[in-house]
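Asker: next one to model:
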Amino acid sequence: MNAVFATGRNEVQRTLRRRMAITYNDLFLDIRRELKQGGVIDTTLEARELTCFGVNKTREELTRDGRLYAPPELERRVRELTARHLAGEPVAYLIGEWEFYGLPLDISKEVLIPRPDTEVLVDQALPYVQSLGNCRVLDLCAGSGCIGLALASQAPQAHVVLGEFSDGALRICRQNTRRNALTGRVIPMTVNALERPDRALGEFHCIVSNPPYLTEADLAALQKEVQFEPRAALDGGQDGLLFYRELPALWQESLNPGGRLLFEIGMGQEAAVSSFLTHAGYENIESFPDLAGISRVVSGMRPAGARR
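Answerer: Predicted coordinates:
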């Protein structure tokens, strides 16, 4: 009788423990609900990333183990990460990585988080770079290296320099180059975009750049999440145009005659950036919109007859 009673009691205790616990799938759904209530837009993506990181599982493992119960300490970790995110800390900084153009990238608070808008720059540069075959490409103000690495991954004959002045960002560039097995064709280098380049850097067939382009007014009104990102990677001077005003002339001689310079730009900057390229002597100036129809990229060509 006592054995039967003990068995029944143990079963009740196990049932109570199961009721208190939560499956991995229910934890994910719970986090997604919290994010939605907190005003997050991309709730599924962010809930999945926070849950996977918090319980130390890949996306595939999270799906496979969805009906299993999450250990309480892992559940607490996921909820703590979620609370930090709802307080403003970006998911990419919390988990230390993000994806761009299909590439997994290490991310730290020393670099900007790659955004879908920047894929427009890759989309516009890539066909040109692919058409060149064996060529040299410079990613100026490289940050995490996302643009140059995306081009190198899709154009196997391109040799890419990731030019970055910040030591912390340059470290991330090196990590991402190794992570994506591109060390044979991608070289991270210390480069100050606002100084005339050393001739030893050589010439390039294509220069791409997503420089700082926020105005002083933009910086004063930053969204909560963006305040976590490095100010130096955002600050484009009083009018947001400092880098666009300087780079076309400074870097023209590093661009092969007939080569292209492509910039990502902020909203409303198309006319000014186009005029800077025209004034510096570039030709075939074009602009390209993002999916929302906002001009996001401006490009120009160094005249084919220009002197080296």
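Asker: ok, Arg48 - contacts?
Answerer: 28, 59, 62 (C-beta atoms under 8 Å, 6 or more residues apart in numbering). Every C-beta, even on glycine, is put in place using the N, C-alpha and C of the backbone.
Asker: before we move on, which element is the last one in?
Answerer: Counting by DSSP states H and E, the element that carries Leu62 is helix 59-64.
Asker: gap between that helix and the chain center?
Answerer: 24 Å (C-alpha atoms, centre = their mean, to the nearest Å).
Asker: in that helix, what's buried?
Answerer: For helix 59-64, the neighbour count (16 or more other C-beta atoms under 10 Å) marks Leu62 as buried.
Asker: same check, this time on stretch 265-283
Answerer: Quick answer for stretch 265-283 (16+ other C-beta under 10 Å): 265-266, 269-270, 273-274, 276-277, 280, 282.
Asker: mind putting these in JSON lines, pLDDT included?
Answerer: Shown next, in JSON lines, are these (pLDDT from 0 to 100):
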{"residue": "Ile265", "pLDDT": "97"}
{"residue": "Gly266", "pLDDT": "94"}
{"residue": "Gln269", "pLDDT": "97"}
{"residue": "Glu270", "pLDDT": "97"}
{"residue": "Val273", "pLDDT": "98"}
{"residue": "Ser274", "pLDDT": "98"}
{"residue": "Phe276", "pLDDT": "98"}
{"residue": "Leu277", "pLDDT": "98"}
{"residue": "Ala280", "pLDDT": "97"}
{"residue": "Tyr282", "pLDDT": "98"}
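Asker: out of these, which is nearest to Ala87?
Answerer: Gly266 (26.7 Å; C-beta to C-beta).
Asker: can you classify the closest one by secondary structure?
Answerer: Using DSSP: H, G, I helix; E, B strand; the rest coil, the three-state assignment for Gly266 comes out as coil.
Asker: distance check, it against Leu35.
Answerer: 27 Å (C-beta to C-beta, to the nearest Å).
Asker: ok so, going back, quick one: least confident of the contacts of Arg48?
Answerer: Least confident by pLDDT among the contacts of Arg48: that is Arg59, with 94.
Asker: which non-adjacent residue is nearest that residue?
Answerer: Excluding its sequence neighbours, the residue lying closest to Arg59 (C-beta to C-beta, 6 or more residues apart in numbering) is Cys52, at 5.9 Å.
Asker: pLDDT of the one helix or strand that neighbour maps to, averaged?
Answerer: According to DSSP H and E, Cys52 maps onto helix 43-55. Taken as a whole, helix 43-55 has a mean pLDDT of 97.
Asker: name the helices or strands packed onto the helix holding Leu62?
Answerer: Here helix 59-64 touches helix 24-37, helix 43-55, going by 3 or more C-beta pairs under 8 Å, 6 or more residues apart in numbering; DSSP states H and E.
Asker: name the helices or strands packed onto the first one?
Answerer: Helix 24-37 sits against helix 43-55, helix 59-64, strand 69-70, helix 72-86, with contacts defined as 3+ C-beta pairs under 8 Å, 6+ apart.
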